[in-house]
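Only the shape, not the letters, is given here:
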């Protein structure tokens, strides 16, 4: 009789552990979110997009600055004017 109780417990533990280890569908996870959660997820998404755009914009501005140096190597006043244009672009971004 003790063996059947132990076997019964093992089956219950196996059944309960298999239920708890099943993955939760994504839509079911979002069904528990309230307005604050949705607002925070929206702000996080916007922040991720802005953060992702920082490196390409930096490369673009660096490329413009290097182009201003490279295309006006012999003429210092033209180089300064080209760099002023790049500076204006940087300050507007």
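Looks like it arrived, so ask away. Since this is a predicted model, take the numbers as computed values, not measurements.

so the residue sitting nearest the centre point of the chain is in which element?
The residue lying closest to the centre of the chain (Cα atoms, centre = their mean) is residue 48, at 3.9 Å. For residue 48, the host element (DSSP states H and E) is helix 35-71.

Same check on residue 78?
Remark: residue 78 resides in helix 76-92, with elements defined by DSSP H and E.

So residue 84 versus residue 30, what's the distance?
Distance, residue 84 to residue 30, using Cβ to Cβ, to the nearest Å: 50 Å. C-betas here are computed from N, CA, C, even on glycine.

before we move on, what about residue 21?
21 Å.

Please say which of these two ends up with more neighbours.
Of the pair residue 21 and residue 30, residue 30 is the one with more neighbours under other Cβ atoms under 10 Å, namely 11 against 7.

ok, now which ones touch residue 79?
Contacts of residue 79 were listed using Cβ atoms under 8 Å, 6 or more residues apart in numbering, and they are 68-69, 72-73.
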